[in-house]
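>>> Kindly return the folded structure for what I paste below:
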Amino acid sequence: MRRFGMISILSLSLLAVLSTGVLAASPATSFSVKANHAAQGGQLMVQAKARHSVKGDFSATAVVHFASGDVSVVLTRTGHSSRVSVKVPVSLTEQPGSVSVDVSITSNGATQTLTTHGVVNAASDDTGG
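Purely as a prediction, here's the structure:
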């Protein structure tokens, strides 16, 4: 009877130790966002990336705060990657400088908003002379 009791206790202890290892092995999903540089008349790339595997899909929207006004866009996935992105057209008359971008990411029913910055550069003058 003592052996059975000791084996039961050791088995439960081993199970408890292994269970905590399994839980610790799967890190929480985190995201990163970025925007690039774009010339006037070009396209500003906005991108969001899942840093750890996402159980289920995630979606993202962004608001680009141009000097001429805000532009709302939906980021889309290409293939089976962990990235979503969109190319936002930049007006030829857009004021050069830093542009704030707020990206809202929805994953597993929770939404988080991350902020990044892009840059609008002046269009190059190719008239020569």
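>>> mean confidence score for stretch 109-126?
Stretch 109-126 comes out with an average pLDDT of 88.
>>> okay, it in CSV with CA atoms only?
The C-alpha coordinates for stretch 109-126 follow below in CSV (Å, rounded to 0.1, in the frame of the first residue of the first chain):
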residue,chain,number,x,y,z
GLY,A,109,-10.7,39.2,-29.8
ALA,A,110,-8.3,41.8,-28.3
THR,A,111,-7.3,45.1,-30.0
GLN,A,112,-4.1,46.9,-29.4
THR,A,113,-2.9,50.1,-31.0
LEU,A,114,0.8,50.7,-31.9
THR,A,115,2.3,53.9,-33.3
THR,A,116,5.1,54.3,-35.7
HIS,A,117,6.4,57.0,-38.0
GLY,A,118,7.1,57.3,-41.7
VAL,A,119,8.7,60.1,-43.7
VAL,A,120,7.5,62.0,-46.7
ASN,A,121,10.4,63.2,-48.8
ALA,A,122,10.2,66.0,-51.4
ALA,A,123,9.8,64.7,-55.0
SER,A,124,13.0,65.0,-56.9
ASP,A,125,13.1,67.5,-59.7
ASP,A,126,14.2,65.6,-62.9
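>>> Just the buried residues of that stretch, please?
Buried residues in stretch 109-126, counted by 16 or more other C-beta atoms under 10 Å: Leu114, Thr116, Gly118, Val120. Heads up, the C-betas are built off the backbone N, CA and C, glycines and all.
>>> Who's the closest spatial neighbour of the third one, skipping the chain neighbours?
Closest residue to Gly118 apart from its sequence neighbours, by C-beta to C-beta, 6 or more residues apart in numbering: Ala35 at 3.2 Å.
>>> need the contact list for the one you found.
Applying C-beta atoms under 8 Å, 6 or more residues apart in numbering to Ala35 gives the contacts Leu44, Met45, Val46, Gln47, Val64, Val99, Val101, Thr116, His117, Gly118.
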